[in-house]
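K.L.:
return a 3D structure for these sequence lines:
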Amino acid sequence: MKKIDAFLNKMTMYRAVLYALLLFLASALGLSFFKLLSFGPLDLVVSAAFIMAVCIFSNAVFAWAFKAPSNIESVYITALIMALIISPPKAFNNFLFLAVASVVAMASKYIFAVGKKHFLNPAAVAVAIVGLVANQSASWWVANLYMLPFVVIGGLLVVRKIKRFDLVLSFFAVTLLTSTIFTLISGRNMLSFLQSALVYSPMLFFAFIMLTEPMTLPPSRKLRIVCGAIVGLLFVPQIHIGPLYFSPELALIVGNLFSYLVSPDEKLILKLDKIIRHTPDTYDFVFTPDKKMDFKPGQYMELTLEHPRQDSRGIRRYLTIASSPTEKDFRLGVKFYDKPSSFKRTLIQMKQNQEIVASQLAGDFILPKDINKKLVFIAGGIGITPFRSMIKYMLDKKEKREVTLFYANWKQNDIAYMDIFDEAKKKLGIKTVYSIAETPSVLPEGRICRGLLCEKDIVEEVPDYMERLFYISGPHSMVTAFEGYLKKVGVKKSSIITDYFPGFA
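P.N.:
Numbering: from 1, shown residues only. Coordinates of the predicted model:
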């Protein structure tokens with residue numbers, strides 16, 4: 001499992017979905033050779049290539065017409081989804097349906113958009129609109145017995161990567177429960193129903209791949225669970241409003257609209273003020289926002305930075321807000337690794353007053369409402385940014401909480417924000433324990449320094465650790481390791497909060 005996590009952690013969310021879809025398509029191609037699907041391999045190849053070509057061309061046209069940024073990887077994903085849910089035309093017939101659906105899908109990304117970002121799933125919109133106008137619908141051919149193992153494996157890896165099991169489980173629970181009730185009322189055979197639901201229904205592909213699109217999801221875990229339940233209820237074929245019966249596409253569109261309505265309508269234009277170098281590879285980008293934004297310390301936003309010659313990782317990135325809501329400036333902490341993405345290369349080359357767009361405020365990694373709750377913060381490397389936001393907020397608000405911060409780095413010169421933590425110690429009594437893996441390391445007098453951080457250090461420095469709420473932020477491997485350490489010493493899972501957002505690293 002650790003090897004799987006390590007593999008997934010190396011790729012972006014878009015890349016994980018793209019690889020899963022390519023796996024599905026390659027699997028279908030192999031199955032079609034053995035005549036296990038209702039079409040031949042040539043039909044599938046031609047259909048997928050046609051959809052991809054139309055999507056790429058029409059997307060370029062719409063991006064130019066609307067003067068909007070475009071993420072080519074997102075285009076690939078939409079095209080592959082449609083190739084997997086619309087049956088390939090036999091004998092090269094009926095390509096008009098494929099063409100119109102592909103154009104509508106790309107158009108929806110620009111027409112149904114706020115701040116030049118779509119909020120409805122493009123594939124769902126295309127199939128729903130074309131189905132209503134042309135009286136044709138998606139067959140969802142990907143849902144069949146032979147494709148099932150590939151959909152389950154690839155889909156679960158995607159959900160594991162983006163950590164949206166709460167959403168998917170909510171959807172499954174409501175869909176299966178509601179369908180079971182209708183099955184019992186109608187007197188149908190339960191075994192036949194389960195076979196139909198799990199093998200021949202698009203439920204699994206729909207939930208793993210389409211429902212989980214980050215740009216169309218609510219900002220918090222509770223709202224995601226509600227969204228999953230709404231879509232799950234409408235996904236059931238028997239559910240209808242008058243003469244309107246919901247298809248999977250319409251159910252998803254309703255869920256997308258719910259997400260849009262409950263999500264903060266925040267969009268900031270950030271002008272670069274300065275770049276501060278904290279460590280050899282960690283920088284603070286300090287911006288002046290065009291307006292004041294209300295957010296909670298520890299939350300994150302999606303940053304859009306248009307630039308030429310973008311690589312496959314695109315023009316968008318989710319980053320934690322390092323500044324406090326009490327500060328006028330908007331601050332982002334960014335770590336640069338070897339061979340940085342085109343996004344980061346453009347970011348580091350920004351000049352004063354150049355602009356970047358921030359939107360999609362989200363995140364549950366926030367301080368508890370009860371200020372008397374004892375806390376432990378555990379940070380690794382750039383994972384310190386949400387704690388910088390929280391501690392600066394407590395300083396500015398003169399809000400005393402009982403907090404111990406463990407801050408782990410490989411080298412001593414990797415430490416950032418030490419001035420903030422020193423001030424918090426003097427004014428609020430917040431203790432910071434610095435962990436330096438590379439030895440020997442000697443910090444200035446008055447600061448606690450340890451070697452490689454382990455559970456023994458936490459127990460020694462925080463004797464009442466069983467009474468505390470733990471926050472962990474940092475590289476995925478570190479977060480996983482410390483979750484294991486804490487559970488090993490008896491800390492309940494409910495007392496551990498980990499920082500996560502759909503990474504586009």
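
K.L.:
any weak-confidence spans in the stretch 101-250 of the chain?
P.N.:
Residues of the stretch 101-250 of the chain meeting the criterion pLDDT under 70: 115-116.

K.L.:
next up, identify which helix or strand residue 387 is on.
P.N.:
In this assignment (DSSP states H and E), residue 387 forms part of helix 385-397.

K.L.:
the following helix or strand past that helix packs against which elements?
P.N.:
Following helix 385-397 in sequence order, the next helix or strand is strand 403-409 (DSSP H and E). The contact analysis (3 or more Cβ pairs under 8 Å, 6 or more residues apart in numbering; DSSP states H and E) places strand 403-409 against strand 375-380, helix 385-397, helix 418-428, strand 431-436, helix 455-461. Heads up, the C-betas are built off the backbone N, CA and C, glycines and all.

K.L.:
mean confidence score for strand 403-409?
P.N.:
Strand 403-409 carries an average pLDDT of 94.

K.L.:
residue 464: neighbour count?
P.N.:
Counted with other Cβ atoms under 10 Å, the neighbours of residue 464 add up to 10.

K.L.:
wait, isn't it in contact with residue 402?
P.N.:
No. Contact between residue 464 and residue 402 fails when scored by Cβ atoms under 8 Å: they sit 9.0 Å apart.

K.L.:
and for these two, which residues touch both?
P.N.:
Counting by Cβ atoms under 8 Å, 6 or more residues apart in numbering, the residues touching both residue 464 and residue 402 are residue 374.

K.L.:
which among the helices and strands packed on strand 403-409 is found nearest to residue 193?
P.N.:
Across those, residue 193 has its closest neighbour in helix 385-397 (45.3 Å, Cβ to Cβ).

K.L.:
quick one: contacts of the closest one?
P.N.:
So helix 385-397 is contacted by 297-298, 320-327, 332-333, 365, 367, 377, 379, 399-401, 403, 405, 407, 416-417, 420-421, 423-424, 427-428, 430, 471, 473, 499 (Cβ under 8 Å, 6+ apart).

K.L.:
roughly how far does residue 480 sit from residue 14?
P.N.:
Here residue 480 is placed at a distance of 23 Å from residue 14 (Cβ to Cβ, to the nearest Å).

K.L.:
the more surrounded of those two?
P.N.:
Set side by side, residue 480 and residue 14 show more neighbours around residue 14, with 21 against 17, by other Cβ under 10 Å.

K.L.:
nearest residue to that one other than its sequence neighbours?
P.N.:
Distances taken as Cβ to Cβ, 6 or more residues apart in numbering put residue 73 closest to residue 14, at 4.5 Å, once the chain neighbours are dropped.

K.L.:
just how off-centre is the longest helix seen in the chain within its chain?
P.N.:
Using DSSP state H to define each element, the chain has its longest helix at helix 41-66. Relative to the centre of its chain, helix 41-66 is centred 25 Å away, using Cα atoms, centre = their mean, to the nearest Å.

K.L.:
ok, residue 465 to residue 455 distance?
P.N.:
9 Å.

K.L.:
overlap of the contact sets of those two?
P.N.:
The contact lists of residue 465 and residue 455 share residue 489, where a contact means Cβ under 8 Å, 6+ apart.

K.L.:
out of those two, which sits in the busier spot?
P.N.:
Counted by other Cβ under 10 Å, residue 465 and residue 455 do not tie: residue 465 has more neighbours, with 20 against 17.

K.L.:
so the more buried one sits against residue 459, correct?
P.N.:
Yes. The pair residue 465 / residue 459 is scored as a contact, 6.2 Å apart, by Cβ under 8 Å.

K.L.:
show me where the stretch 51-200 of the chain has strands.
P.N.:
Ranges of strands within the stretch 51-200 of the chain are 113-114, 117-118, based on DSSP state E, counting those that start in this stretch.
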